[in-house]
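> Give me a 3D structure for the following:
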Amino acid sequence: MTAGQAPLLVPVPSNQPPAQQAGNPTLPTLPHEAAQPHVSKPPSKDLAGWLARELHDGLAQDLLYLGLQLSALEKQVPADLVGVKEQLGLLQQVVQDSYQQVRTTLDLLRSWEDQKRDLVEELRVLAQSIQQRTGMKVILRVEGGENALDLPRWVAHQLKAIVNEALWNAWRHGRARQASVTLWYGKRGLLITVVDDGCGFEPGRQLQGHFGLRIMRERAEALGGRLQVYSVPQKGTQVSLYVPREGLNIKVA
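Next up is the predicted model:
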C-alpha cells in the first residue's frame, strides 16, 4: 500500500457489523431509547467574529509566512539532495494543509447558517489526506451502502474533527499501520467507530499534557452524544461515538 493510494470506501450490509481488528472489543449497540440530549449551539456571532479575527491575524499569518519561507528554502537546496528536497516538499504540504484548515475554520465561523455538508464525502477526503501524509491505510465503511449523509455544517464539522483526532492518534501514539472508520445511521441516531491495529494502551492511563481526548469528548457532548474509548495493549484501540438524532439536526438561531 503506497501513501498516495485513495482510502477504500466499503459499504457494510445493514444486518452485520464491520470486520473487527483482531483482539479489539465488541462494538457497542445503539441504545433502545435515546435520552434527551443536551445539545450546544454554535458560538454567537460576536464570539465567532472575535475568534475569526484572532485566527486570521495570528495563526493564519504565521502559517502563510512559514509556507513562503519553506518554499524559498527548497529552491536553495541543490538538486542532487533529493531526500532533503522531498522532506521540504512534505513540510510545505503540511503547512499548506494546516493553512487551509485555518481558512476553512474562518469561513465556518463566519457562516454557520443554512449550510449542509455531506459527512461521508468529508470523511473520505479526510481519510485520503491522512493516508497520503502518514502511509497508514485508512478504510472508510458506510452501513447499508448509504454513500451520502447531509448534515448541518456545525454538526458535520464536530464529527469530522473527532474522527480526525482519532486517526491521528492511531498513527502518532498507536503507531498503527491500518485504521477503519465505520458509520451507521439509523432512526435513533449516528454511530461512528474508528478501529486501529496499533499498540493500544492500558485502560484508564492518563496521558499528561494531551488534551485531544478531552476535546473529542467535549465535541461529542456539544451534540448531545457520547464518546467511548476501548483499548487493549498490543491489540489496538477503538473509539466509538454515538450521537442521537436530536443532535444531528441543530437549528442555528
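
> my guess is residue 171 meets residue 131, correct?
No: with contact defined as CB atoms under 8 Å, residue 171 does not count as touching residue 131 (9.7 Å). Every residue, glycine included, has its C-beta placed from N, CA and C.

> So the two - more neighbours on which side?
residue 131 (25 against 20; other CB atoms under 10 Å).

> For residue 149, which residues are in contact?
By CB atoms under 8 Å, 6 or more residues apart in numbering, the contact list for residue 149 reads 118, 119, 120, 183, 185, 190.

> hang on, residue 177 packs against residue 134?
No: using CB under 8 Å as the test, residue 177 is too far from residue 134 to be in contact (9.8 Å).

> So these two - more neighbours on which side?
Applying other CB under 10 Å to residue 177 and residue 134 shows that residue 134 carries more neighbours, namely 18 against 15.

> ok, the more buried one to residue 175 distance?
10 Å (CB to CB, to the nearest Å).

> try residue 183
25 Å.

> More neighbours: these two, which one.
Set residue 183 next to residue 175 and count neighbours by other CB under 10 Å: residue 183 wins out with 23 against 12.

> bridging residues for the more buried one?
Counting by DSSP bridges, residue 183 forms beta bridges with residue 142, residue 192.

> can you map out the strands along the stretch 51-200 of the chain?
Using DSSP state E, counting those that start in this stretch, the strands of the stretch 51-200 of the chain run over 116-118, 137-143, 150-152, 178-185, 189-196.

> Out of these, flag the one nearest residue 73.
strand 137-143 (30.6 Å; CB to CB).

> which parts of the closest one are buried?
Neighbour counts using 16 or more other CB atoms under 10 Å place 137, 138, 139, 140, 141, 142, 143 of strand 137-143 among the buried residues.

> report the angle between the axes of it and strand 189-196?
Interaxial angle, strand 137-143 versus strand 189-196 (axes from the mean of the first three to the mean of the last three CA atoms, to 10 degrees): 160 degrees.

> which secondary element of this protein has the worst mean pLDDT?
When each helix and strand of the chain is scored by mean pLDDT, DSSP states H and E, strand 8-12 comes last, with a mean of 44.

> pLDDT wise, what is residue 89 at?
As predicted, residue 89 sits at a pLDDT of 81.
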